[in-house]
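Student: Structure of the sequence below:
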Amino acid sequence: MSTNQANSGETATPRSQRKLVRGTVVSNKMQKTLVVQVERKVRHPVYEKFVSRRTKLYAHDEKSEAGMGDVVEICQTRPLSKTKCWRLVRIVQKAAQ
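Tutor: Numbering: from 1, shown residues only. The predicted model follows:
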């Protein structure tokens, strides 16, 4: 009975539960590393107006295939360095040349 539970993977957390975000590449000057800017809308606590907030995330790009201005999807992964804990999943849209 325990072998059936181990094979089905009910106790392990699947990779699909990791955070997946979409953003724009603002720098690809480092080797195998991208800087991705993610924008989100947050409601202001006093004025109740939606305000844009930006976050820069460092993502691992093994093949160095993403370029400046590309829209990419990145997901969380184990820490790869001091600041890098995201990895490139796919390029959603290439930047216009």
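Student: For the rest of this, base every contact and every neighbour count on C-alpha atoms.
Tutor: OK.
Student: okay, and for the protein, where does confidence drop off?
Tutor: Under the criterion pLDDT under 70, the flagged ranges of the chain are 1-16.
Student: For Arg18, give me its contacts.
Tutor: 75-77 (C-alpha atoms under 8 Å, 6 or more residues apart in numbering).
Student: so of those, which ones are in strands?
Tutor: Using DSSP state E, 75-76 are the members of the contacts of Arg18 that sit in strands.
Student: Taking the contacts of Arg18, please make a ChimeraX selection of just the buried ones.
Tutor: This is the ChimeraX syntax for the buried subset of the contacts of Arg18, where burial follows 16 or more other C-alpha atoms under 10 Å:
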select :75,76,77
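Student: in the protein, which spans are strands?
Tutor: Assignment of strands within the chain using DSSP E yields the ranges 20-27, 33-43, 50-60, 71-76, 84-93.
Student: which residues sit against the fourth one?
Tutor: Taking contacts as C-alpha under 8 Å, 6+ apart, the residues outside strand 71-76 that touch it are 18-25, 59, 66, 85-95.
Student: Apart from its neighbours in sequence, what residue is nearest the residue nearest the centre of the chain?
Tutor: Using C-alpha atoms, centre = their mean, the residue of the chain that lies closest to the mean C-alpha position is Ile74, 2.6 Å off. In this structure, Ile74 finds its nearest non-sequential neighbour in Leu88, 4.6 Å apart by C-alpha to C-alpha, 6 or more residues apart in numbering.
Student: contacting residues for the one you found?
Tutor: Here Leu88 is in contact with 59-61, 72-75 (criterion: C-alpha under 8 Å, 6+ apart).
Student: Against Tyr47, how distant is the residue nearest to the centre of the chain?
Tutor: Distance check for Ile74 against Tyr47: by C-alpha to C-alpha, to the nearest Å, it reads 32 Å.
Student: do the same with Glu39
Tutor: As judged by C-alpha to C-alpha, Glu39 and Tyr47 stand 20 Å apart.
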